[in-house]
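Engineer: here are the coordinates; sequence isn't available:
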């Protein structure tokens, strides 16, 4: 009996055990999930093949190389997602690189997109942690949200005729230094280069825009007075920075937080920090090694102290919530004084700080005020201790060393994307009454019954 189940020219399934598989001539399509999670190392695709269905090779973690015949004109979603050993890809001229096509292919170092590729889908190359170089064709016109999130590319050159960049496309590409975006580009999404710490403002060329959101948020050069819309050097005009290129302006005093709330903050008489309805937005203007959160603050806002030089942060007793990346990338931060009534800690609040590294060395499961804030260094079977009340969003994100997680009945709240990218996580056991978004990509979450 053949190992290949073929129906009307479509390879529906493969039941063999060979690590090298040659697909028979005459096959026109590979069906959805056909090889999903099989231990194949090499697949030889026949000429005449037209399409590869959704998740066809998803989780094939021994697959090292792929060469698509020129006849292939369609790739489904998640086709090679989590092919963690994949090092070499030769693509055909498919018009669209679909959603998560190569997501988590962490061994992929370079790729050439051939002429004919018009668009790249959402998270297509997300978390390709070794991807250093990519060649874009002259036919490319759009790249969707987070397509290259957390890659390691150093240089970006988009072709003339390119039209649209989605949001956070190159988020966290910390090696990126040089950027060239043609004047034909009509739409630049928000936070396109968020967390690209090594960008060189002298090697950035982007279209001038009189409207639009910030694309260079949280880049290391922004406080030096470069425009967040087009990266041009700004000039000082009274209390404001003004961009001579795209006509954007930013209040100098609150330059690091240009979210349209300056007037309200200034009218409230705030000095040294921005505070709207109890939410602290930035402490950028406070000098010194120690920062004390003012007593009027009840929430540390998203990224409010990201990248600041403080060695000690004292959080006032009224604060109940610490926002997303609120203290992230504070490279000198070793001491944090937490308030007694802390209820919520959002994702990556302390990422990239010496404080977190010291806590991880003491115990890879980092718990603050009864909240699991980080488990990225845990391994094997993880048992969260009884008494913990919550698990922060993204707490275990990207941890490939954990295999199972037990969450005790004391936990009542779990954030989003807790287990996203935990490729080897097989099971998560949670209380029946827990609330929140309980799973990340491809993680099975089981709620216990009252008898367990």
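Structural biologist: Right, received. Where do you want to start? Remember, it's a predicted structure, so these values are computed and weren't measured experimentally.

Engineer: pretty sure residue 417 is in contact with residue 397, am I right?
Structural biologist: Yes: here residue 417 reaches residue 397: they are 5.8 Å apart, a contact under Cβ atoms under 8 Å. C-beta here means a position set from N, CA and C on the backbone, and glycine is covered the same way.

Engineer: Among these two, which residue is more densely surrounded?
Structural biologist: More neighbours surround residue 397 than the other of residue 417 and residue 397, with 21 against 17 (other Cβ atoms under 10 Å).

Engineer: confidence score at the more buried one?
Structural biologist: Residue 397 is assigned 86 on the pLDDT scale.

Engineer: For the residue nearest in space to the middle of the chain, pull up the helix or strand it's in.
Structural biologist: Most central in the chain under Cα atoms, centre = their mean is residue 149, positioned 4.9 Å from the mean C-alpha point. Assigned by DSSP states H and E, residue 149 falls within no helix or strand.

Engineer: How much space separates it from residue 236?
Structural biologist: Noted for residue 149: a distance of 35 Å to residue 236, by Cβ to Cβ, to the nearest Å.

Engineer: And residue 404, by the same measure?
Structural biologist: 57 Å.

Engineer: The two: which has the busier surroundings?
Structural biologist: Ranked by neighbour count (other Cβ under 10 Å), residue 404 and residue 236 place residue 404 first, with 14 against 10.

Engineer: which ones are touching that one?
Structural biologist: Shown in contact with residue 404 (Cβ atoms under 8 Å, 6 or more residues apart in numbering): 381-382, 425-429.

Engineer: can you do 7 Å?
Structural biologist: Contacts for residue 404 (Cβ atoms under 7 Å, 6 or more residues apart in numbering) come out as 381-382, 426-427.

Engineer: Mind putting these into CSV with distance to residue 63 and pLDDT?
Structural biologist: Formatted as CSV, the contacts of residue 404 follow (distance: Cβ to Cβ, whole Å; pLDDT from 0 to 100):
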residue, distance to residue 63, pLDDT
381, 28, 95
382, 28, 95
426, 20, 86
427, 25, 85
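
Engineer: tell me the two of those that are most distant?
Structural biologist: Greatest spacing in the contacts of residue 404, by Cβ to Cβ: 382 and 426 (11.8 Å).

Engineer: neighbour count winner among those two?
Structural biologist: residue 382 (21 against 12).

Engineer: Surely the more buried one forms part of a helix?
Structural biologist: No: counting by DSSP: H, G, I helix; E, B strand; the rest coil, residue 382 is located in no helix; its state is strand.

Engineer: I figured it hits residue 408, correct?
Structural biologist: No: between residue 382 and residue 408 there is no contact under Cβ atoms under 7 Å: 11.5 Å.
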